[in-house]
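1. pasting a predicted model and its sequence here:
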Amino acid sequence: MLQLEHVSAAYQGGFRLQDICFETQEGRMTGIIGPNGSGKSTLLKAICRDIPAQGSVRIQGRNLWEMSVAERARTVAIVPQDIEKLPVPVLDFVMMGRTPFKKWHQLFYSDADKASAMEKLQQVGLSGSLDGRDPALRTLDQLSGGERQLAAIARALCQEPRLLLLDEPTANLDLAHQISVLQAVAKAASDVRMDTLLVIHDINLASAFCHNLLCLSEGKVAAAGGTSEVLKKDLLEKVYGTGLCIGRHPLNGRSLVLPEV
Ligand code: ADP
Ligand code: MG
């Protein structure tokens, strides 16, 4: 279980993330929604202390910020919004997820690390989209934005973290990959009881995959709780500043958020 207590952070430009409190359920996906600039990416950066932050972040009762760098690397994986176009073979990039588990005297990755990387590439659906080309030869800078995002997700899964943070993981993906990636993440989350926090703009995908939602507005919590409790017309219209219509999915009854026009 992930517990955030009074997490705050500020940038020099004036934006402040203020007093964020919430907790997630183990093995479940929590979506972070909210308008552009509401502080979603800042919250993920604050959780992994990429920026100075106050408050506390506990994972299974342990303070994440008090862990050593090595232990933190074994505990949290983050998939950022923009993945660098490195001239690194895709397989090596994905295997980097195993780095925190290498012994100090181990120079190379093991066969098990390689097998795990291949499995994760398959899980996110990337091995198929490389047109049969060997991920050991194809480099990251030769991939499309969407394929790079899949590689970064595979790397994070390879890390087998207790907490997985994803910043708009489906932003560059087509519909089939959006669904398959979220299914792969949801399965990994429940199989290994990994807490997953994902920033997601598509509210209907959030509704389909997330058990809980945290809605941010101007750096503060506008709402938090079960997905259907958060996806309320009045709240979303106020937060997003636009007319909306809330419907129901014809097959599973989950909330659907549609533009009023
Ligand atoms: P989003 O919800 O779209 O992910 P962000 O968390 O990226 O929003 O940004 C929140 C606010 O903080 C925005 O107004 C953004 O301009 C500002 N901001 C983001 N990064 C920095 C930075 N490094 N320095 C100063 N201001 C920043
Ligand atoms: Mg962002």
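-> Arrived safely. Ligands and ions are numbered 1, 2, ... in the order given.
2. measure S190 to ligand 2 for me?
-> Using Cβ to the ion, to the nearest Å, S190 is found at 26 Å from ligand 2. The way it works is simple: take the backbone N, C-alpha and C, and place the C-beta from them, glycine included.
3. what sits against that residue?
-> Contacts here follow Cβ atoms under 8 Å, 6 or more residues apart in numbering; on that basis S190 touches G27, R28.
4. helix or strand: which one has it?
-> For S190, the host element (DSSP states H and E) is helix 175-191.
5. what's the domain layout of the chain?
-> 1-75+161-230, 88-159 (automatic domain parsing).
6. now those as a markdown table including distance to ligand 1 and mean pLDDT?
-> Compiled in a markdown table, the domains of the chain are given as follows (distance: least, Cβ to the nearest ligand atom, whole Å; pLDDT from 0 to 100):
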| stretch | distance to ligand 1 | mean pLDDT |
| --- | --- | --- |
| domain 1-75+161-230 | 3 | 92 |
| domain 88-159 | 16 | 83 |
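7. quick one: closest of the ones you listed to L244.
-> Closest of these to L244 is domain 1-75+161-230, at 9.1 Å (criterion: Cβ to Cβ).
8. next up, phi/psi of H6, please.
-> When read as degrees, to the nearest 10, the backbone of H6 gives phi 50, psi 50.
9. any idea which helix or strand carries the closest residue to it other than its chain neighbours?
-> Among residues not flanking H6 along the chain, G55 sits closest, at 4.1 Å (Cβ to Cβ, 6 or more residues apart in numbering). Here G55 is covered by strand 54-59, with elements defined by DSSP H and E.
10. check the offset of whichever helix or strand comes after that strand from the chain's centre.
-> Next helix or strand after strand 54-59 toward the C-terminus (DSSP H and E): strand 62-63. Here strand 62-63 shows a centroid-to-chain-centroid distance of 20 Å under the convention Cα atoms, centre = their mean, to the nearest Å.
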